[in-house]
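Enquirer: only geometry, no sequence info:
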């Protein structure tokens, strides 16, 4: 899966086909005509309400795809930016290091292909050294 370039419409269409879901059920769920569903499939992005409905209908968390993108491609936090770290934020705070199977596979593939070294992975993705080595040991089994 390419988390750098996300085309959510294609992903939804692919899952609909894999599940063999009837288009009439989808149209009834969204209360729209079939051509509007086809437009959603062609759309690179969808608004949050539509994406939430798709997630419920297909029982798949499409928002997690964007979370994976943030984990892999968001800029590293600057340790010199103290103004932000000292401020209290009222929104819930989430840990960035939520490692799904896809993320682990992605990182291990980078190492196995020689595209990145273990040290580069640790530095770029801020993965603890022990965590990375545990993944490598599990992956060999």
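Expert: Thanks, I have it. Note that the structure is a prediction, hence the values are computed from the model and not measured. Numbering: from 1, shown residues only.
Enquirer: please make it C-alpha for all contacts and neighbour counts, starting now.
Expert: OK.
Enquirer: by mean pLDDT, which helix or strand of the chain comes out lowest?
Expert: Using mean pLDDT, DSSP states H and E, the weakest-scoring helix or strand in the chain turns out to be helix 82-85, at a mean of 55.
Enquirer: which pLDDT value belongs to the most centrally placed residue in the chain?
Expert: Centroid-nearest residue in the chain, with Cα atoms, centre = their mean: residue 65, separated by 2.2 Å. Taken from the predicted model, the pLDDT recorded for residue 65 is 86.
Enquirer: list the contacts of it.
Expert: residue 3 (Cα atoms under 8 Å, 6 or more residues apart in numbering).
Enquirer: from residue 103, how far off is it?
Expert: Distance, residue 65 to residue 103, using Cα to Cα, to the nearest Å: 11 Å.
Enquirer: can you list the domains in the chain?
Expert: Under the assignment automatic domain parsing, the domains of the chain span 8-70, 96-141.
Enquirer: where exactly do the helices run in the protein?
Expert: Assigned by DSSP state H, the helices in the chain fall at 8-19, 23-30, 34-42, 48-58, 63-73, 82-85, 101-112, 118-125, 129-140.
Enquirer: which stretch in those helices has the least confidence?
Expert: Summarising mean pLDDT across the helices of the chain, the least confident stretch is helix 82-85, with a mean of 55.
Enquirer: mind checking the end-to-end distance for stretch 111-128?
Expert: End to end - Cα to Cα - stretch 111-128 spans 15 Å.
Enquirer: not counting sequence-adjacent ones, nearest residue to residue 108?
Expert: residue 136 (7.2 Å; Cα to Cα, 6 or more residues apart in numbering).
Enquirer: how many residues are close by residue 71?
Expert: 20 (other Cα atoms under 10 Å).
Enquirer: just the buried residues of stretch 4-13, please?
Expert: Neighbour counts over stretch 4-13 (16 or more other Cα atoms under 10 Å) mark 7-13 as buried.
Enquirer: now, among those residues, which is nearest to residue 89?
Expert: Checking the buried residues of stretch 4-13 against residue 89 by Cα to Cα gives residue 8 as the nearest, at 30.1 Å.
Enquirer: contacting residues for the closest one?
Expert: 41, 43-46, 62.
Enquirer: having no further points to raise, I will conclude here.
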